[in-house]
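> for reference, the sequence and a predicted model appear below.
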Amino acid sequence: MSEEETARVGWPVVGRGQKRIGRVEAVFADYLLVRTGGLLPVDLYLPVDAITVADARVSVDASPSEAYEHWHRPLRRVRHD
């Protein structure tokens, strides 16, 4: 990703049909930490190869429920030292 295509903390994350999934909490080299909204927020770990960044927001090709199914746990390939 180029500098203009880098997600920023606080940006909204939307899925298919522009349905809101959450907002970016942290940006790492190979994934974004996204916090969902609602009464019980959940952390999602979106790999950068699954996102599109444009117009100050992040998009994924998934519904909110699919996003939860795929990315509610940390990615195994990411090292957390």
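Cool, the structure landed.

> residues of the longest strand seen in the chain that come out buried?
Counting residues, the longest strand in the chain under DSSP state E turns out to be strand 20-27. Residues of strand 20-27 classed as buried: 21, 22, 23, 24 (neighbour count, 16 or more other Cβ atoms under 10 Å). (Each C-beta comes from the backbone N, C-alpha and C, glycine too.)

> likewise stretch 30-37?
31, 32, 33, 34, 36.

> just confirm residue 17 is within a helix.
Yes: under DSSP: H, G, I helix; E, B strand; the rest coil, residue 17 falls within a helix.

> give the full set of residues in contact with it.
residue 63 (Cβ atoms under 8 Å, 6 or more residues apart in numbering).

> that one and residue 39: what is the separation?
22 Å (Cβ to Cβ, to the nearest Å).

> repeat that for residue 45.
21 Å.

> which one's more surrounded, the two?
Shown here are residue 45 and residue 39; by other Cβ atoms under 10 Å, residue 45 has more neighbours (18 against 4).

> now the more buried one, which residues is it bridged with?
On the basis of DSSP bridges, residue 45 is bridged to residue 33.

> hmm, residue 71 and it touching each other?
Yes: if you go by Cβ atoms under 8 Å, residue 45 and residue 71 touch, sitting 5.2 Å apart.

> shared neighbours of those two, which are they?
residue 34.

> ok, residue 73 touching residue 45?
Yes: counting by Cβ under 8 Å, residue 45 is a contact partner of residue 73 at 6.8 Å.
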